[in-house]
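A.B. asks: okay, structure incoming, though there's no sequence with it:
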């Protein structure tokens with residue numbers, strides 16, 4: 001069916017003039033047409049929970065769509081690992097959530113293990129830990145209190161993990177020797193320079209997880225055993241079957257979680273996930289847009305929680321090799337101009353999408369929008385196959401063979417269909433492309449040496465999403481900073497490094513916004529990624545009986561969402 005749609009799109013779309021509505025002409029108009037500035041609303045059922053929370057029961061969620069490469073979030077950026085450890089591990093701070101999706105998307109922080117986080121100058125940060133937090137009663141930790149030494153050990157361990165893709169970020173803002181534990185309930189971080197979003201760093205699902213000190217001591221292996229202080233205890237992992245958790249009755253949030261068990265079945269196939277939801281075997285599903293109406297018809301009382309995407313789809317290149325053809329900006333711009341973003345949004349995402357540039361649309365005012373591009377820059381984000389062909393020829397790349405990779409399986413709704421559609425568009429301007437699915441664990445990640453980390457060959461481009469982050473600096477530094485260990489393209493740009501370094505020291509919120517908008521404009525101008533592509537709005541479907549759902553766009557969804565809900569099935 002997808003192939004037929006792509007072939008139809010090629011036949012009708014690329015041999016004649018445009019047949020789309022004139023109301024959708026231009027990328028800025030496309031953004032307005034899909035209502036980028038409007039807040040999605042929850043539909044299809046009662047928004048408020050009915051009755052008092054009920055303790056007991058089990059919940060199954062769609063979140064894990066492939067085998068976990070490790071249980072240790074400090075050794076892999078795998079979304080499945082992050083979602084799983086988020087049920088077990090705590091952070092100093094976490095993100096606020098509510099039934100209004102805007103509360104979660106605003107990414108304001110609240111206490112988790114931290115009772116308070118204060119700083120007089122954004123350099124020295126003092127954390128006071130809550131006195132009632134304990135690790136799970138699992139050997140060799142045996143339920144001891146969460147103390148400052150555990151926090152210090154967790155960040156010290158993060159610096160020492162060669163496979164930790166985010167150690168470069170941590171190294172730019174702090175030195176592990178400057179983390180002090182003057183009292184059992186007090187941790188002091190002394191940063192290298194003023195860094196105003198440090199609270200969000202402490203809440204980050206990329207590098208904020210707190211392990212018991214026994215992990216640093218080597219008393220157990222976090223790659224095979226999860227021990228934390230969160231709302232659920234790790235129960236078991238059965239490859240190809242499920243990851244399962246059980247209620248932590250001793251959690252410091254008294255009376256919660258309400259659920260007895262939480263399960264993440266491992267279901268790689270999107271159609272199978274939809275079938276499992278229709279059959280009542282999944283309680284929560286992020287629905288493929290093309291299955292949405294069918295799923296609603298089969299389960300008429302479900303609730304559809306609609307939210308903006310927190311990540312985004314883009315195409316990236318190998319820019320770290322001196323002989324890479326993609327170092328020529330003309331070729332990168334040609335690729336962008338070959339893509340009809342309106343047709344892509346219509347064919348794959350049913351016009352239910354947002355457009356943003358290197359920062360997910362759910363970041364609101366922080367995300368660069370199409371309307372903010374100056375005309376001389378915006379031209380390269382508009383469909384213009386004739387000009388794309390000219391740029392390809394000028395770059396000496398006519399007829400060049402390109403491998404077009406995409407990770408599989410991965411929990412990005414519509415990714416494969418989008419890749420197939422974009423592939424047809426690229427072929428239409430004269431590049432010879434071959435679609436290449438990249439195994440998520442063995443090829444894409446490959447223990448820190450995969451395509452995800454910029455180790456792909458020159459002839460390979462990749463279409464994927466950027467991992468969810470919790471602040472604009474997470475995205476800009478991690479993906480485009482030359483010293484970042486998660487720079488997937490190996491971008492090395494002194495001017496960009498300087499802009500990021502300066503922006504990181506800005507304390508005033510309005511000035512900080514201007515600085516990061518300028519960085520996003522610079523990246524868009526250089527076309528370091530082909531961004532500004534449609535990204536589907538998220539439709540999270542809840543079975544009837546799932547109550548108290550609070551929307552979280554982060555990998556901390558287990559504590560920020562699932563610890564608050566209950567079922568009356």
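C.D. replies: Cool, got the structure. Bear in mind the structure is a predicted one, so any value in this text is a computation, not a measurement.

A.B. asks: how about the strands in the stretch 251-400 of the chain?
C.D. replies: 261-265, 284-286, 303-307, 313-316, 353-355 (DSSP state E, counting those that start in this stretch).

A.B. asks: and residue 394, which of these is closest to it?
C.D. replies: strand 313-316 (20.0 Å; Cβ to Cβ). Where C-beta positions appear, they are placed from N, C-alpha and C, glycine not excepted.

A.B. asks: got a list of contacts for that closest one?
C.D. replies: Here strand 313-316 makes contact (Cβ atoms under 8 Å, 6 or more residues apart in numbering) with 335, 358, 412, 415, 418, 422, 461-466, 488-489, 528-531, 533-535.

A.B. asks: cutoff 7 Å now
C.D. replies: For strand 313-316, contacts defined as Cβ atoms under 7 Å, 6 or more residues apart in numbering pick out 335, 418, 461-463, 465-466, 488-489, 529-531, 533, 535.

A.B. asks: listing partners with orientation, what would you give for that strand?
C.D. replies: Using DSSP bridges, strand 313-316 pairs in its sheet with strand 460-465 (antiparallel), strand 529-530 (antiparallel).

A.B. asks: sheet-wise, list the partners of whichever helix or strand comes after the shortest one with their directions.
C.D. replies: Looking back up the chat, that one is strand 529-530. The element immediately downstream of strand 529-530 (helix or strand, assigned by DSSP states H and E) is strand 534-536. As defined by DSSP bridges, the strand partners of strand 534-536 come to strand 353-355 (antiparallel).

A.B. asks: if you count residues, which helix in this protein comes out on top?
C.D. replies: Longest helix in the chain, counting residues (DSSP state H): helix 509-526.

A.B. asks: what helices or strands is that helix leaning on?
C.D. replies: Helices and strands touching helix 509-526, as assessed by 3 or more Cβ pairs under 7 Å, 6 or more residues apart in numbering; DSSP states H and E, comprise helix 472-480, helix 494-504.

A.B. asks: can you give the distance from the longest one to the centre of its chain?
C.D. replies: The gap between the average C-alpha position of helix 494-504 and the chain average comes to 23 Å, counting by Cα atoms, centre = their mean, to the nearest Å.

A.B. asks: quick one, helices of the stretch 301-450 of the chain?
C.D. replies: Assigned helices in the stretch 301-450 of the chain, in chain order: 329-337, 341-349, 375-378, 385-394, 415-427 (criterion: DSSP state H, counting those that start in this stretch).

A.B. asks: quick one: average pLDDT of the longest one?
C.D. replies: Think helix 415-427. In this model, helix 415-427 has a mean pLDDT of 93.

A.B. asks: where's residue 444 relative to residue 167, distance?
C.D. replies: Noted for residue 444: a distance of 19 Å to residue 167, by Cβ to Cβ, to the nearest Å.

A.B. asks: and these two? Which one has more around it.
C.D. replies: Taking other Cβ atoms under 10 Å, residue 444 and residue 167 do not tie; residue 444 has more neighbours (23 against 19).

A.B. asks: tell me who's in contact with that one.
C.D. replies: 407, 438, 450, 451, 452.

A.B. asks: give the contact list for the second one.
C.D. replies: Think residue 438. Here residue 438 is in contact with 405, 406, 407, 408, 444, 451 (criterion: Cβ under 7 Å, 6+ apart).

A.B. asks: farthest-apart pair in these, please.
C.D. replies: 408 and 451, at 12.3 Å, using Cβ to Cβ across the contacts of residue 438.

A.B. asks: neighbour count winner among the two?
C.D. replies: Neighbour count, other Cβ under 10 Å: between residue 408 and residue 451, residue 451 has more, with 22 against 19.

A.B. asks: so who does that one touch?
C.D. replies: Residue 451 touches 405, 438, 443, 444, 460, 462, counting by Cβ under 7 Å, 6+ apart.

A.B. asks: cool, and residue 454?
C.D. replies: 318, 320, 487, 488, 489, 490.

A.B. asks: pretty sure the fifth one is in a strand, no?
C.D. replies: When you say that, I think you mean residue 489. No - the assignment for residue 489 (DSSP: H, G, I helix; E, B strand; the rest coil) gives coil, which keeps it out of a strand.

A.B. asks: burial measure for it, as a count.
C.D. replies: 19.

A.B. asks: measure it to residue 456 for me?
C.D. replies: 9 Å.

A.B. asks: overlap of the contact sets of these two?
C.D. replies: By Cβ under 7 Å, 6+ apart, residue 489 and residue 456 have these common neighbours: residue 318.

A.B. asks: now do the helices in the stretch 1-150 of the chain.
C.D. replies: 2-13, 27-33, 79-88, 101-106, 148-159.

A.B. asks: the fourth one packs against which elements?
C.D. replies: Here helix 101-106 is seen to pack against strand 303-307 when contacts are counted using 3+ Cβ pairs under 7 Å, 6+ apart.

A.B. asks: cutoff 10 Å now
C.D. replies: Secondary-structure packing of helix 101-106 (3 or more Cβ pairs under 10 Å, 6 or more residues apart in numbering; DSSP states H and E): strand 93-95, strand 303-307.

A.B. asks: which one of the ones you listed lies nearest to residue 369?
C.D. replies: Nearest of the helices and strands packed on helix 101-106 to residue 369, taken as Cβ to Cβ: strand 303-307 at 17.4 Å.

A.B. asks: in the closest one, what's buried?
C.D. replies: 303, 304, 305, 306, 307 (16 or more other Cβ atoms under 10 Å).
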